[in-house]
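Enquirer: Prediction below, plus the sequence it came from.
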Amino acid sequence: MTDAVAQEFQTRLSYVADATERMLDQLLSERALPGETFRPAAFLGAMRYASLGGGKRLRPFLLIETARLFGIENEGVLRAGAALEMIHCYSLVHDDLPALDNDDLRRGRPTTHKAYDEATAILVGDALLTYAFDVTADPATDADPAIRAELVLALARAAGIGNMVGGQVMDLEAETSTEPHSAEDVIRLQSMKTGALLHYAVEAGAIFARADARAKAALSHYGKALGAAFQVADDILDVEADEEALGKRAGKDAGRNKATLVAALGLKAARKRRDALAQEAIAALSSFPDEKAAILKEAARFAVARKN
Ligand code: GRG
């Protein structure tokens with residue numbers, strides 16, 4: 001990695017974050033909402049609260065940068081990135097609910113059910129999930145119906161029972177078991193729960209670009225390794241935050257049988273696995289010209305070096 005690439009990565013990440021914010025702002029406006037008669041200003045405010053003004057926007061970034069690898073940069077790609085971010089935001093809103101993780105803070109602010117109420121938070125998640133498919137399937141996202149169908153199918157598969165929701169169900173079940181979790185089980189669960197949306201981001205970029213099967217396979221390998229590295233890094237950050245808070249409060253996860261690689265392997269081995277996964281992601285892009293793939297390679301380094 002050179003300083004110039006690291007700097008360009010940061011410039012791109014902040015550009016994509018701004019562009020995603022503007023696209024979400026536009027899509028989550030009274031004018032843009034689907035339907036003719038129902039214009040719930042207060043509820044729209046809650047949808048905007050859950051989606052705007054925070055987050056790294058890593059998933060839209062991966063989608064947009066993968067499409068850019070093939071020279072594709074347009075409004076449709078931005079729309080698909082914003083739709084993906086809606087699904088990510090919905091998962092966070094629902095995950096924070098008392099019935100699931102029961103969190104009071106998200107992105108440095110009260111969670112949606114704290115700022116509003118539980119019923120609103122449930123419906124905000126439902127509305128963001130559904131609207132994400134509306135936006136992806138809209139002809140404004142890509143003129144070719146075959147491309148839109150491919151995007152919708154891939155998104156449904158990443159977000160649904162076979163991946164994100166299924167991974168969340170497995171996570172709940174894992175926590176109630178008294179058995180320790182094997183590293184293999186944790187990896188499978190996490191690739192479904194967190195990895196799949198990150199993988200979709202890369203997959204969608206390749207779909208927009210009409211990439212050939214070889215390029216799609218290489219990018220899929222990259223997306224899977226990056227998603228796994230991202231989640232291990234998240235588990236390590238959680239443990240480090242708990243260690244820092246020790247003495248002030250018991251860690252939030254203390255006493256829970258969490259399915260994490262840190263719990264399965266220990267902190268030192270989890271850090272080693274995280275770094276190896278990032279290297280695997282970088283190596284998966286070896287068939288692309290280095291000057292074009294440098295930003296995506298840097299994204300893999302960022303996924304493991306980040307502090308939040
Ligand atoms: C409730 C159906 C349902 C699913 C929830 C992904 C998920 C499943 C829950 C999120 C819980 C969580 C915090 C998982 C750890 C990994 C993760 C997704 C972290 C948050 O993603 P970032 O770091 O967040 O990209 P920002 O705020 O930057 O967007």
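Expert: Looks like it arrived, so ask away.
Enquirer: Hmm, V304 is touching R274, no?
Expert: Yes - in this structure V304 lies within contact range of R274 using CB atoms under 8 Å: 5.1 Å. For every residue, glycine as well, the C-beta is placed using N, CA and C.
Enquirer: In terms of packing, which of those two has more residues around it?
Expert: R274 (24 against 20; other CB atoms under 10 Å).
Enquirer: any common contacting residues for V304 and R274?
Expert: A229, V232, A233 (CB atoms under 8 Å, 6 or more residues apart in numbering).
Enquirer: can you pick the most crowded of those residues?
Expert: Ranked by neighbour count (other CB under 10 Å), the shared contacts of V304 and R274 have V232 at the top, with 29 neighbours.
Enquirer: quick one, what contacts it?
Expert: Q190, L261, V262, A270, R273, R274, L277, V304.
Enquirer: please redo it, this time with the cut-off set to 10 Å
Expert: By CB atoms under 10 Å, 6 or more residues apart in numbering, V232 lies in contact with 186-187, 190, 194, 260-262, 265, 270-278, 303-304.
Enquirer: Now, those that are in helices?
Expert: If you go by DSSP state H, those have 186-187, 190, 261-262, 265, 270-278, 303-304 in helices.
Enquirer: Quick one, which of those residues are buried?
Expert: 186-187, 190, 261-262, 265, 270-271, 273-275, 277-278, 303-304 (16 or more other CB atoms under 10 Å).
Enquirer: show me which of these neighbour the ligand.
Expert: When CB under 6 Å from any ligand atom is applied, no member of those is adjacent to the ligand.
Enquirer: how about those residues, which pair is most distant?
Expert: Farthest-apart pair in these is L265 and A303; separation 18.6 Å (CB to CB).
Enquirer: quick one: what helix or strand has the residue nearest to A300 when sequence neighbours are not counted in it?
Expert: Closest residue in space to A300, ignoring its immediate chain neighbours: A281 at 4.0 Å, by CB to CB, 6 or more residues apart in numbering. Assigned by DSSP states H and E, A281 falls within helix 267-283.
Enquirer: who's in contact with the residue nearest to A300?
Expert: Going by CB under 10 Å, 6+ apart, A281 touches 202, 221-230, 296-297, 299-301, 303-304.
Enquirer: any idea how far it is from A4?
Expert: Distance, A281 to A4, using CB to CB, to the nearest Å: 21 Å.
Enquirer: Would you map the helices across the stretch 201-308 of the chain?
Expert: Here the stretch 201-308 of the chain has its helices, by DSSP state H, counting those that start in this stretch, at 213-245, 261-265, 267-283, 290-305.
Enquirer: Kindly report the same for the stretch 51-200 of the chain.
Expert: 58-69, 75-95, 112-115, 118-137, 145-159, 164-176, 183-190, 196-208.
Enquirer: Figure out which of the ones you listed is closest to F43.
Expert: Ranking these by proximity to F43 (CB to CB) places helix 118-137 first, at 7.0 Å.
Enquirer: quick one, the closest one and helix 196-208 angle?
Expert: 20 degrees (axes from the mean of the first three to the mean of the last three CA atoms, to 10 degrees).
Enquirer: So which bits of helix 118-137 are buried?
Expert: 120-125, 127-129, 131-133, 135-137.
Enquirer: Stretch 185-195 now?
Expert: V186, I187, L189, Q190, S191, M192, K193, T194, G195.
Enquirer: hmm, back to that, just the closest of the buried residues of helix 118-137 to C89, please.
Expert: Once CB to CB is applied, the member of the buried residues of helix 118-137 that ends up nearest C89 is L128, at 5.7 Å.
Enquirer: mind listing what the closest one touches?
Expert: When contacts are counted by CB under 10 Å, 6+ apart, L128 touches 24, 28, 47, 50-51, 83, 85-94.
Enquirer: How about E203?
Expert: By CB under 10 Å, 6+ apart, the neighbours of E203 are 62-63, 66, 150-151, 154-155, 157-158, 196, 211, 216, 219-220, 223.
Enquirer: now swap in G205 and tell me
Expert: 62-70, 72, 77, 80-81, 211, 219, 223, 296.
Enquirer: Give me the pLDDT value at it.
Expert: pLDDT, G205: 98.
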